[in-house]
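A.B. asks: the amino acid sequence is not available; the structure is as follows:
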């Protein structure tokens with residue numbers, strides 16, 4: 001990774017807790033776990049519009065997320081824990097049995113609308 005880095009924290013949201021009985025394959029759940037929250041000033045600096053698609057890269061993998069403005073500190077992003085964040089995690093558990101889910105260094109880049117649509121459809 002060579003671009004600007006942000007600190008990514010993943011966690012469960014209250015909405016995830018309230019909707020624990022919905023399927024992890026449901027559109028509601030997928031929308032929750034693919035929405036990234038970022039400070040408005042960071043979004044502006046990176047050229048990301050609210051609601052736009054971003055590619056997030058860690059040293060372990062990458063994923064696509066919808067980016068929205070939110071109340072997080074500048075330099076930090078938050079995303080609800082779920083399958084997309086698992087692509088970004090390493091395998092180190094420090095003996096806990098659960099990979100580290102806080103404080104990852106990641107890069108974020110905006111994705112053109114046509115590129116994000118192709119990725120969603122599985123096209124190259």
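C.D. replies: Sure thing, it's come through. It should be emphasised that the depicted structure is a prediction, and the values quoted were computed from it without experimental measurement. Numbers count the residues shown, from 1 in each chain.
A.B. asks: buried residues in stretch 36-55?
C.D. replies: Across stretch 36-55, burial judged by 16 or more other CB atoms under 10 Å covers 36, 37, 38, 39, 42, 43, 46, 48, 52, 53, 54, 55. (Each C-beta comes from the backbone N, C-alpha and C, glycine too.)
A.B. asks: average pLDDT for it?
C.D. replies: Average pLDDT, stretch 36-55: 95.
A.B. asks: got it, and stretch 60-74?
C.D. replies: 93.
A.B. asks: who's in contact with the closest residue to residue 9 other than its chain neighbours?
C.D. replies: The shortest distance from residue 9 to any non-neighbouring residue, by CB to CB, 6 or more residues apart in numbering, is to residue 102 (4.9 Å). Contact partners of residue 102, counting by CB atoms under 8 Å, 6 or more residues apart in numbering, are 9, 10, 11.
A.B. asks: quick one: residue 102 from residue 29, how far?
C.D. replies: Using CB to CB, to the nearest Å, one gets 22 Å for the distance from residue 102 to residue 29.
A.B. asks: quick one on the thing from earlier: format the contacts of residue 102 as a markdown table; extra columns: distance to residue 64 and neighbour count.
C.D. replies: Conversion of the contacts of residue 102 to a markdown table gives the following (distance: CB to CB, whole Å; neighbours: other CB atoms under 10 Å):
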| residue | distance to residue 64 | neighbour count |
| --- | --- | --- |
| 9 | 18 | 17 |
| 10 | 15 | 23 |
| 11 | 20 | 12 |
